[in-house]
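Visitor: make a model of this:
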Amino acid sequence: MDTKTLVGLDIGGTKCAVTLGRYGTDGIKILDKLSFPTTDVGGTIEGLKDGVRKVLGRNSLAREDVSAIGISCGGPLDSRTGVIMSPPNLPGWDNIPITKIMEDEFGVKAAVHNDANACALAEWKFGAGRGTRNMVFMTFGTGLGAGLIIDGKLYAGTNDNAGELGHVRLDAFGPVGYGKAGSFEGFCSGSGIAQLAASMVKERLQMGGKVDWCPDGDLGAITARTVAEAARNGDALAKEVYSVSARYLGKGLSIIIDILNPELVVIGSIYARNEDLFKPLAEEIIAKEALPLASKVCRIVPAALGESIGDYAALSVAADI
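Guide: Alright, predicted model coming up:
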């Protein structure tokens, strides 16, 4: 294939990034990147345009050298029309035709996907999912979302709502995630693990016990990271928090395996950093719950792109045009 110059735009609630990449037979190489704080709609859009001009200029490129622009943004959005539709972390972004804005400005094709789908494309094209045809990517960060690669292409659903695994209820009670108690996101996300830990710590404290990793009883200060560190140091309560999350991860993965029959599930962020705390128990549940023929052909692996996945995600949307 010919080498192509691509631009990726990552639009976030607090900051945005413009990434320049070169895509060829050997994969993708990130050439340059700049970031800036997200402000109001107009200011942010002008910042994105100015960022594209700057990265092109300092790499001695013209807009005619760019093959495509890929945009990654939190949903909801319409990837077919290229419209961002009031994401909760982007106040004022109400029906913004972001792809048309960029196409009119730079004269090249642009596309937008929600961040989970963009990350799925990145791990599929350039990360742990290379060479697969049926893959699920799960974010497992502050929240839980997913992107689906089915039969060798991204599947976004009828209106870009495919892969919203965090909303699936796994139990009648439990931490609240995605507005639903006992949801997949409630048990398997940074915010959910913090809720679960706070509940278990509160119970311990009310029974007169103490928790070394929450010495002041400040439940609001508990994070998934602090619990993981305590678990690695051998704290039994912290290990139990992660055991609960791991068991529900296995339960949720069993549903995914039975319905989609993927060959690979790639999980990012908290799972990727703490695979040893999750994998044994999750696989134990999968062995009990999932169809043997389906689970036999499915591997569960951590994401490979690490902290750079946001950069690759937006460029992957461009590469997929």
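Visitor: so residue 290 touches residue 252, yeah?
Guide: No. Contact criterion CB atoms under 8 Å: residue 290 and residue 252 do not qualify, at 10.8 Å. Glycine gets a C-beta too; all of them are placed from N, C-alpha and C.
Visitor: what sits in contact with each of the two?
Guide: Counting by CB atoms under 8 Å, 6 or more residues apart in numbering, residue 290 and residue 252 have no contacts in common.
Visitor: these two - which one has more neighbours?
Guide: Each of residue 290 and residue 252 has its neighbours counted (other CB atoms under 10 Å); residue 252 has more, 25 against 22.
Visitor: wait, the more buried one sits on residue 168?
Guide: Yes. Using CB under 8 Å, residue 252 is in contact with residue 168, at 6.7 Å.
Visitor: which residues are common contacts for those two?
Guide: In contact with both residue 252 and residue 168: residue 184, using CB under 8 Å, 6+ apart.
Visitor: tell me where the stretch 101-250 of the chain has helices.
Guide: For the stretch 101-250 of the chain, the helices defined by DSSP state H, counting those that start in this stretch occupy 115-126, 184-187, 190-206, 224-232, 236-260.
Visitor: now the strands for the stretch 51-200 of the chain?
Guide: 66-73, 77-78, 83-85, 94-96, 109-114, 135-138, 146-150, 153-155, 176-177, 180-181 (DSSP state E, counting those that start in this stretch).
Visitor: deepest of those, which one?
Guide: Most buried of the strands of the stretch 51-200 of the chain by mean neighbour count (mean count of other CB atoms under 10 Å) is strand 135-138; its value is a mean of 28.
Visitor: so which elements touch that one?
Guide: helix 115-126, strand 146-150, strand 264-267 (3 or more CB pairs under 8 Å, 6 or more residues apart in numbering; DSSP states H and E).
Visitor: go again using 10 Å as the cut-off
Guide: helix 115-126, strand 146-150, helix 236-260, strand 264-267, strand 299-302 (3 or more CB pairs under 10 Å, 6 or more residues apart in numbering; DSSP states H and E).
Visitor: picking that back up, save the strands of the stretch 51-200 of the chain as a markdown table, and put in distance to residue 48 too.
Guide: Conversion of these to a markdown table gives the following (distance: least, CB to CB, whole Å):
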| stretch | distance to residue 48 |
| --- | --- |
| strand 66-73 | 9 |
| strand 77-78 | 15 |
| strand 83-85 | 12 |
| strand 94-96 | 11 |
| strand 109-114 | 11 |
| strand 135-138 | 25 |
| strand 146-150 | 23 |
| strand 153-155 | 23 |
| strand 176-177 | 30 |
| strand 180-181 | 34 |
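Visitor: I'd say residue 229 and residue 241 touch.
Guide: No. If you go by CB atoms under 10 Å, residue 229 and residue 241 don't touch, sitting 11.9 Å apart.
Visitor: which one of these two is surrounded by more residues?
Guide: Neighbours were counted for residue 229 and for residue 241 using other CB under 10 Å; residue 241 has more, 25 against 14.
Visitor: export the helices and strands packed on strand 135-138 as TSV, with columns for mean pLDDT and distance to residue 73.
Guide: Converted to TSV, the helices and strands packed on strand 135-138 look like this (pLDDT from 0 to 100; distance: least, CB to CB, whole Å):
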stretch	mean pLDDT	distance to residue 73
helix 115-126	95	7
strand 146-150	97	14
helix 236-260	97	24
strand 264-267	98	21
strand 299-302	97	25
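Visitor: ok, now which ones touch residue 160?
Guide: By CB atoms under 10 Å, 6 or more residues apart in numbering, the contact list for residue 160 reads 75-80, 85, 112-114, 117.
Visitor: pull the most distant pair out of those residues.
Guide: 85 and 117 (14.7 Å; CB to CB).
Visitor: residue 108: how many residues sit nearby?
Guide: Residue 108 - counted by other CB under 10 Å - has 19 other residues nearby.
Visitor: and if you look at residue 313?
Guide: Neighbours of residue 313 under the rule other CB under 10 Å: 29.
Visitor: tell me the pLDDT of it.
Guide: Among the per-residue scores, residue 313 holds a pLDDT of 95.
Visitor: ok, it - contacts?
Guide: 8, 10, 19, 70-72, 113, 115-123, 126, 137, 147, 305.
Visitor: buried ones among those?
Guide: Using 16 or more other CB atoms under 10 Å as the burial test, the contacts of residue 313 include 8, 10, 19, 70-72, 113, 115-123, 126, 137, 147, 305 as buried.
Visitor: circling back to that earlier point, make TSV from the helices of the stretch 101-250 of the chain and add distance to residue 213 to it.
Guide: Below are those laid out as TSV (distance: least, CB to CB, whole Å):
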stretch	distance to residue 213
helix 115-126	30
helix 184-187	20
helix 190-206	8
helix 224-232	4
helix 236-260	6
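Visitor: of those, which approaches residue 60 most closely?
Guide: helix 115-126 (25.1 Å).
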